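Colleague: Make a model of this:
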Amino acid sequence: MKKIFIRLLICISLLFNFNAKADVKETELFNRFVDKMVNQHQFNSVELKKLFQSVNIKKKIIETMKKPAEGLSWYKYRKIFMTESRIKEGVQFWQKHGEILASVEEKYGVPAEIIIAILGVETKYGQNTGYDRVIDALSTLAFNYPKRSKFFMGELENFLILCREEKMNPLEPKGSYAGAMGLPQFMPSSYRAYAADYENDQKRDIWNNPADAMASIANYFVKHHWKKGGEIVFPVSAKGEAYKQVLTKGLKPDFKWEEVQAKQITSKHTINKDEKVKLLSFQQEKSQDLWVGLNNFYVITRYNHSPLYAMAAYQLSEAIYKERQLNQSEKKESKKNK
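Modeller: Numbers count the residues shown, from 1 in each chain. The predicted structure is shown next:
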């Protein structure tokens, strides 16, 4: 009876811990990574291997990676982000951090509503910055997800370096299942290259400091060639099937607007005939929407390489801006009537 009970406990333990964690194995891939960190970045081999003894490999992360939201149809993806609560909370965030947003917009030339929308899509304004330790997520994907091992190996490398640069304990920072960090969900390489110190206090705290997070997003966009005052994306209409000739792969603007127009595509908006644009198709439930993305739309896709993401961010920014304008008009009207 005692043996049966013990076996039962073991089975229950295995059941509850199946997706929980597993230690990093000293495989050839792992040892090559350690050697690189030692030889190229002067890390201590013994200390590094000791660090990884505290790292957990999480199978659930790999399962999640196989089912990204960007794999959904546009009409399903849009519903995730274009909600009444996310729009109202965006307006509230703007109200709370208005002075900083105005300052960041003035310095970088990126509209406040775009910065807010990125925060809204990424973490719902900091409400959900992730629950996995960054080192666990990156190690899991670097050593156990061959499909993208090279990419995540590079991010793990950058993470260890940034922890040394910023004097952080590598076992403490938390983020998404993919290792994205803080309010703006920067990957480690993006943090090192684009994170900004808004207050000049020698810290780039994208986890707890909204000012640094907002400045970091704006800096990221500028470094990817955001055009101040530039348009982002326009809806268009098409007659016939000729439009499919300019509906190409990729995200970078690849045709002049006059070339796109020649395929019986029209827009109510004015676009310079020489402006490079990208024709994009977004799947609705029973039809498709056609848009043309300009340079600034492409810049948003540098943050997340998905046209669905960029469109969700754009439409959320527009909704937040309109809601804020409406609120301000109502307040003015209310004051007049008092």
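Colleague: Contacts for stretch 302-316 next, please.
Modeller: Stretch 302-316 is contacted from outside by 70, 72, 74, 77-78, 80-82, 86-87, 90, 114, 117-118, 120-121, 217, 220-221, 224, 232-233, 251, 280, 282, 291, 293, 297, 300-301, using C-beta atoms under 8 Å, 6 or more residues apart in numbering. Where C-beta positions appear, they are placed from N, C-alpha and C, glycine not excepted.
Colleague: Okay, and which of these map to strands?
Modeller: 233, 280, 282, 291, 293 (DSSP state E).
Colleague: Which one (most neighbours) among those residues?
Modeller: Greatest neighbour count in these, by other C-beta atoms under 10 Å, goes to G293: 26 neighbours.
Colleague: who does that residue bridge with?
Modeller: On the basis of DSSP bridges, G293 is bridged to V233, K278.
Colleague: picking that back up, which of the contacts of stretch 302-316 fall within helices?
Modeller: 74, 77-78, 80-81, 86-87, 90, 114, 117-118, 120-121, 217, 220-221, 297, 300-301 (DSSP state H).
Colleague: Skipping adjacent residues, who's closest to A319 in space?
Modeller: On the basis of C-beta to C-beta, 6 or more residues apart in numbering, the spatially nearest residue to A319 that is not a chain neighbour turns out to be I87, at 4.7 Å.
Colleague: what number of residues lie near the closest residue in space to D136 that isn't next to it in sequence?
Modeller: Nearest non-adjacent residue to D136, counting by C-beta to C-beta, 6+ apart: N56, 4.9 Å away. Counted with other C-beta under 10 Å, the neighbours of N56 add up to 17.
Colleague: any idea which element the closest residue to L183 other than its chain neighbours lies in?
Modeller: Leaving out its chain neighbours, the residue that sits closest to L183 by C-beta to C-beta, 6+ apart is A213, at 3.8 Å. Element membership for A213 (DSSP states H and E) is helix 210-223.
Colleague: returning to what we had before: what's near enough to touch the residue nearest to L183?
Modeller: A213 neighbours (C-beta under 8 Å, 6+ apart): 119, 126, 182-184, 206.
Colleague: Looking at these, which is nearest F30?
Modeller: Distance to F30 across these (C-beta to C-beta) is lowest for G182, with 27.0 Å.
Colleague: gap between that closest one and Y243?
Modeller: G182 sits 40 Å away from Y243, going by C-beta to C-beta, to the nearest Å.
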